[in-house]
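J.: Fold the following, please.
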Amino acid sequence: MRSSRLKALPARSAVLVGASLTAEVSLGLYGWHFSTGVSEALLLHGAISLIAVAGGWLLFRRHELGAGMALCTLSIVALGPIGALGCILMELTRWISSRSTISFDEWYERLFPRSPTDPAQTLYELIEWRGVKPSKDSTVAPFCEVLDGGSVTQKQSVVTLIADHFRPEFAPALQRALNDSEPAIRVQAATAAARIENTFLEQFVDLRENHVSDPDNQSIARRIALHHETYARTGLLDSDRADIERETALDINMRILQVSLDDPEITAAAARLLLDLGRPDEAIRLLRPWLRSKSMPSVLVGPMAEALYAVNRLRLLRRVSARLLERLTKPDEEPLRASLMIWATAHG
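T.: You can find the predicted model right below:
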């Protein structure tokens, strides 16, 4: 019942406007063909206008007259047959333009086209961009190179990849896209930044709901801390907001450490946050029990070396580097191994 009434609402106003248009056009043709006098034409136009205004007022009182229909009615009343022809041209123009318009979803899809799934196309892009597609071995440098010297299409593809597979390492490239000389790239990058921030917000809401339902679950608490830490490292926040996110993550990790004192992953995360907050002395105190132990997990090597360097304990850093160098055997630990090699060689 209600739906049928809603469908009838525009029909009534359309009938009113359509009848007025037909009457005014007929009046114009009649006057041109039979050379009707001005007074007679004005009388007929007044009758049509009176009916149009009365009908329009009734529909307006019932909230059944749209803005477009009201404009047509006023044009007919004010300009007669000329107003009727203007309304016809306006609707014709609107119909022609509507054929070439696109929906919001299609516009958004063009702004952020989906990543290619065809293997050949993927391989071509990996070769063309020298491996910029996000992977464990990729870096942010190729992204920046494409944004510096690539075409608009290549830049748009890079921004799409950053938005679809965002990692904190991609923040410099996103910042470069936000300052690009091409307006289209800046708009797309701003949309990508908003999309990334919205993703972080949605993830936080889900994590908080999970934590409320299971407040004693340390795994959920760790994920919340990691979420705040990652958000701080995105480069999308100013320094004050980033420090607030780090403080929140640090507070959660320290509460977890009260329960899990010997967890090297949590200890390393807390030490990294202390270093990022400019508190290396506290990081040393947190890592000291592991420094004295005979076996140190590899996840603690990086924060330990950085903390010792930050407090100027260089002699101890040399000894620790020589002792821990042999523990770094994984391929992804090669950069850290190369750094420690410098200090271990100096110690020897």
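J.: Can you name the residues that contact Arg187?
T.: Rather than Arg, residue 187 is Val. With contact set as Cβ atoms under 8 Å, 6 or more residues apart in numbering, Val187 has no partners. Just so you know, the C-beta spots here come from the backbone N, C-alpha and C atoms, and that holds for glycine as well.
J.: Which helix or which strand is home to it?
T.: Take DSSP states H and E as the rule and Val187 turns out to sit in helix 183-213.
J.: following that helix, which helix or strand shows up next?
T.: helix 218-232.
J.: Point out where the stretch 201-348 of the chain drops to low pLDDT.
T.: 294, 326-329, 332-333, 345-348 (pLDDT under 70).
J.: Quick one: the helices in it, in order.
T.: 218-232, 239-257, 264-276, 280-292, 301-310, 314-324, 334-347 (DSSP state H, counting those that start in this stretch).
J.: JSON lines please, covering those helices and showing distance to Glu197 and mean neighbour count.
T.: Below are the helices of the stretch 201-348 of the chain laid out as JSON lines (distance: least, Cβ to Cβ, whole Å; neighbours: other Cβ atoms under 10 Å):
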{"stretch": "helix 218-232", "distance to Glu197": "9", "mean neighbour count": "19"}
{"stretch": "helix 239-257", "distance to Glu197": "11", "mean neighbour count": "17"}
{"stretch": "helix 264-276", "distance to Glu197": "20", "mean neighbour count": "22"}
{"stretch": "helix 280-292", "distance to Glu197": "29", "mean neighbour count": "16"}
{"stretch": "helix 301-310", "distance to Glu197": "28", "mean neighbour count": "21"}
{"stretch": "helix 314-324", "distance to Glu197": "38", "mean neighbour count": "17"}
{"stretch": "helix 334-347", "distance to Glu197": "30", "mean neighbour count": "15"}
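J.: rewinding a little: residues of the helix holding Val187 that come out buried?
T.: Using 16 or more other Cβ atoms under 10 Å as the test for burial, helix 183-213 gives Ile185, Gln188, Ala189, Ala192, Ala193, Ile196, Phe200, Leu207, Asn210, His211.
J.: pretty sure Arg272 contacts Pro303?
T.: Yes. Look at Arg272 against Pro303 with Cβ atoms under 8 Å: they come within range, at 5.4 Å.
J.: follow-up on the earlier one: okay if I get the buried residues of helix 183-213 as CSV plus distance to Leu178?
T.: What follows is the buried residues of helix 183-213, written out as CSV (distance: Cβ to Cβ, whole Å):
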residue, distance to Leu178
Ile185, 9
Gln188, 10
Ala189, 5
Ala192, 9
Ala193, 7
Ile196, 12
Phe200, 17
Leu207, 27
Asn210, 33
His211, 33
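J.: Specify which member of those is nearest to Leu161.
T.: Ala192 (9.9 Å; Cβ to Cβ).
J.: and the angle for the helix holding Val187 with helix 239-257?
T.: 30 degrees (axes from the mean of the first three to the mean of the last three Cα atoms, to 10 degrees).
J.: How about Val299, nearest residue that isn't a chain neighbour?
T.: Ala268 (4.6 Å; Cβ to Cβ, 6 or more residues apart in numbering).
J.: same check, this time on Ile185
T.: Lys155 (5.0 Å).
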